[in-house]
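In: have a look at this fold, sequence not included:
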């Protein structure tokens, strides 16, 4: 999600497009956060992710990746990274060092299900309105 699912944005004021997100993709993903329910709702999701991350001694991105990997219909995830911005390969591999409990999954399901967003991050290229 353009780096937004991380400790970097937890308890931070909402970034604005002009002078806010530092890359074009962050601007795009910020629009999806807005459509999903806004910055306050996203902050709640980050807080839940942080609670789960602290329990497992991992990061918010680790929790987000693990959450998706543990979904029954998911076989893999694609992790995007921008060379030169941050080297997170070692950090991302920690996703295989822990498993979320049923309680963790329920907390994350609750926090992530309250949005009004349909579609995915490629819909704008396919001409689908979300």
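Out: Sure thing, it's come through. Predicted model only: the values in this text are computed from it and were never measured.
In: hmm, residue 78 and residue 92 touching each other?
Out: No - Residue 92 lies out of contact with residue 78 (C-beta atoms under 8 Å); the separation is 11.2 Å. (C-beta placed from N, C-alpha, C; glycine too.)
In: can you pull out the helices in this structure?
Out: 24-36, 39-56, 60-69, 89-93, 102-112, 123-126 (DSSP state H).
In: buried residues, the longest one. List them.
Out: It refers to helix 39-56. For helix 39-56, a neighbour-count test (16 or more other C-beta atoms under 10 Å) marks 39, 41-43, 45-46, 48-50, 52-53, 56 as buried.
In: could I get these as TSV with distance to residue 88?
Out: Shown next, in TSV, are these (distance: C-beta to C-beta, whole Å):
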residue	distance to residue 88
39	23
41	25
42	20
43	22
45	20
46	17
48	21
49	16
50	17
52	19
53	15
56	17
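In: which among the residues you listed gets closest to residue 25?
Out: The shortest gap between residue 25 and any of the buried residues of helix 39-56 belongs to residue 42, at 16.3 Å (C-beta to C-beta).
In: give the contact list for the closest one.
Out: Counting by C-beta atoms under 8 Å, 6 or more residues apart in numbering, residue 42 makes contact with 4, 9, 33, 36.
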